[in-house]
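> Provide a 3D model corresponding to the input given below.
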Amino acid sequence: MFVVEQNCAYQDMDEVDFDCLHLIAHQNAALVGYCRIIPPEFNKLKSNLSVADPTIKTNHTAMPAIGRVLVLSEHRGDGLARQMMNQAIAQCRKKYGKKRPIIISAQVYLLSFYESLGFVPEGEHYLEDNIEHVKMVLYVAKKNKIKKKSTDNASTTTKVLSFLLFIMAALFVLGLLYLMI
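Alright, predicted model coming up:
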């Protein structure tokens, strides 16, 4: 796909292929999709998110990367790329930790697709093999703790209702005593 369809004449295999996790999608016996996960220690893509968000306490230079995402043209539009990316993200989280960001070098025309998966563009666009790319990072959203509502209002309401219930019970007993006399 890269060599013919996108006119990128380069050797597919590189020095990190043997250390990567390769995800493939088959339909019947045919290979229809592929992507690879590069382990943090072999990933050359770097992020400067630590500069953008100093509250994040992880080392952003050591993160896994997802790359070479491809789906054969006759199988595009069926959601296969999304399934593969979700699977790749899940594998990264499982293998390298849930709090570790994931980085990609995305072709710019697919920017909205990767943004829909939660990736955020970082830095300027650049040319790679004469195709415009942008670095994108998926980091774990911080969980905001939900503050409990003040119990002062609830306890005041409970006290008022209890007092009214007591008054009604007392009036009921007094009414019964009146009827008995």
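
> for the residue nearest the centre of the chain, helix, strand, or coil?
Central residue of the chain (Cα atoms, centre = their mean): G118, 5.2 Å from the mean position. Following DSSP: H, G, I helix; E, B strand; the rest coil, we place G118 in the coil state.

> tell me how far it lies from H125.
Here the criterion is Cβ to Cβ, to the nearest Å. By it, G118 lies 20 Å from H125. To be clear about C-beta, it is placed using only N, CA and C from the backbone, and glycine gets the same treatment.

> quick one: secondary structure of A106?
A106 falls in the strand class when you classify it by three-state DSSP.

> please enumerate the strands of the protein.
Under the criterion DSSP state E, the chain contains strands at 21-27, 30-38, 65-71, 102-107, 120-128, 131-138.

> just want the angle from the second one to strand 65-71.
The reference is to strand 30-38. Angle of strand 30-38 versus strand 65-71, following axes from the mean of the first three to the mean of the last three Cα atoms, to 10 degrees, is 170 degrees.

> kindly calculate the angle that strand 30-38 makes with strand 102-107.
Angle, strand 30-38 to strand 102-107, by the same axes, to 10 degrees: 130 degrees.
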